[in-house]
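Participant: I'd like to go over a predicted model; first the sequence, then the structure.
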Amino acid sequence: MTTNFKRLALLLAAFSAGAASMQAQAAPTDPRVGLQLWSVKDEIKQDFEGTMTKIGQLGFQGVEFAGEFGPYKDNPTGLKAFMDKHHLQCAGAHMHFDQLEGAQFEKTTAFYQTLGCSNLVISMDKRGASTEQSAQMSKELTELSTKLAAKSMRIGYHNHAQEMTGPVGKTPWDVIAHGTPQAAIMQQDVGWTTYAGKDPVAYTKTYPGRTRTTHFKAKLVQGTTDGTPIIGQDKTDWVALTRAVRQVGGTDWIIIEQEEYPNGMGQLETVAASMKGLQAVLANPAAR
């Protein structure tokens, strides 16, 4: 009997530890809102400072860079001062693997450390199109996760439709999630997840605590035309998604990305419309 009680006690202790771990992963968050600068890729090249200023005026708290720095390409200190002036933080940066290889590793990390940026995200890689190559790529992501942790930084990976192909649970996205450590960001682009016919809410819940930054992009399911690719004007359940990233995803940043500009709208104009839609969602008590 004593042995049975000891076994029961050990089982209960293990269960409690597991529950505590899951609770830690799923701790509620209050994400800030940023903009992926690819959304205004043309306008920001024409007027970097003016476009960044307008982004701040729209209510964004930060930006995620995509390789465009205007007059501050070699001056991260000046860029940080400019961003501080306009109350913008660095939510992260998109890049390719080569920017974190060899001597580029120190150069890249030093630039973003100056900006106070800790989230370095691989924007796309052709290996993400297959489960076999995704498994190999995951090893590289894991190595980078260890190297970046020493600098208090994190590696992340961003999906397109290619990572969401195949049966749920066996997509390249699933392979990457299982093949990388908890510290590595699974930056789900919910627009591409939707386009591929998968459920972004379900994927957020499947990998609790991994969606540290996420792209809120309005995109229609492949082959359909029902809706407009602007947040709140499409068919995405933004309320359920926002609740999931807040309660389960461990999300620090909700990052709007706009790649389609319907009805002849300009880039920043479309971003403003999606921001307005997101603000309505964030104000909805059901989204908490």
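Facilitator: Alright, I've got the coordinates.

Participant: If I follow the layout properly, residue 233 ends up in contact with residue 219?
Facilitator: No - using CB atoms under 8 Å, residue 233 is not in contact with residue 219; the gap is 11.8 Å. Every residue, glycine included, has its C-beta placed from N, CA and C.

Participant: the more surrounded of the two?
Facilitator: residue 219 (21 against 14; other CB atoms under 10 Å).

Participant: Assign the residue nearest to that one when sequence neighbours are not counted to helix, strand or coil.
Facilitator: Leaving aside its chain neighbours, residue 219 sits nearest to residue 191 (3.3 Å; criterion: CB to CB, 6 or more residues apart in numbering). Under DSSP: H, G, I helix; E, B strand; the rest coil, residue 191 falls in the helix class.

Participant: ditto for residue 181
Facilitator: coil.

Participant: Tell me the pLDDT of it.
Facilitator: pLDDT, residue 181: 98.

Participant: from now on call the first residue 13
Facilitator: Okay, residue one is now 13; in that scheme the one you just asked about reads as residue 193.

Participant: Quick one: residues contacting it.
Facilitator: Applying CB atoms under 8 Å, 6 or more residues apart in numbering to residue 193 gives the contacts 154, 157.

Participant: go on, residue 273?
Facilitator: 279, 281, 282.

Participant: can you list the weak-confidence ranges in the stretch 113-262 of the chain?
Facilitator: For the stretch 113-262 of the chain, no stretch is flagged by pLDDT under 70.

Participant: which is the next helix or strand following the biggest strand by length in the chain?
Facilitator: If you go by DSSP state E, the chain has its longest strand at strand 101-107. Following strand 101-107 in sequence order, the next helix or strand is helix 116-126 (DSSP states H and E).

Participant: Okay, buried residues for that next one please.
Facilitator: 120, 121, 123, 124 (16 or more other CB atoms under 10 Å).

Participant: what's the closest of those residues to residue 75?
Facilitator: residue 124 (12.4 Å; CB to CB).

Participant: Enumerate every residue touching that closest one.
Facilitator: Contacts of residue 124 (CB under 8 Å, 6+ apart): 88, 102, 105, 130, 132, 165.

Participant: Return the distance of it relative to residue 290.
Facilitator: 25 Å (CB to CB, to the nearest Å).

Participant: Excluding covalently adjacent residues, which one is nearest to residue 243?
Facilitator: Nearest to residue 243 is residue 289, by CB to CB, 6+ apart, at 3.6 Å.

Participant: tell me which element the one you found is part of?
Facilitator: Element membership of residue 289 [criterion: DSSP H and E] is helix 279-294.

Participant: now swap in residue 46 and tell me
Facilitator: In this structure, residue 46 sits in strand 44-48 according to DSSP H and E.

Participant: Which secondary structure elements does that strand sit against?
Facilitator: strand 74-77, strand 101-107, strand 265-268, helix 279-294 (3 or more CB pairs under 8 Å, 6 or more residues apart in numbering; DSSP states H and E).

Participant: Give me the buried positions along the next helix or strand along the chain from that strand.
Facilitator: Where DSSP H and E defines the elements, the next helix or strand beyond strand 44-48 is helix 53-58. Using 16+ other CB under 10 Å as the test for burial, helix 53-58 gives 55, 56.

Participant: wait, doesn't residue 39 sit right on residue 263?
Facilitator: No - using CB under 8 Å, residue 39 is not in contact with residue 263; the gap is 10.9 Å.

Participant: Between the two, which has more neighbouring residues?
Facilitator: More crowded of residue 39 and residue 263, by other CB under 10 Å: residue 263, with 27 against 11.

Participant: tell me which element the closest residue to that one other than its chain neighbours falls in.
Facilitator: Once flanking residues are discounted, residue 263 sits nearest to residue 257: 4.0 Å by CB to CB, 6+ apart. Assigned by DSSP H and E, residue 257 belongs to helix 250-259.

Participant: From the contact counts, what lies against that helix?
Facilitator: Short answer (3+ CB pairs under 8 Å, 6+ apart): helix 250-259 packs on helix 212-218, strand 225-228, helix 279-294.

Participant: The ones you listed: which one's closest to residue 240?
Facilitator: The nearest among these, by CB to CB, is helix 279-294 at 9.0 Å.
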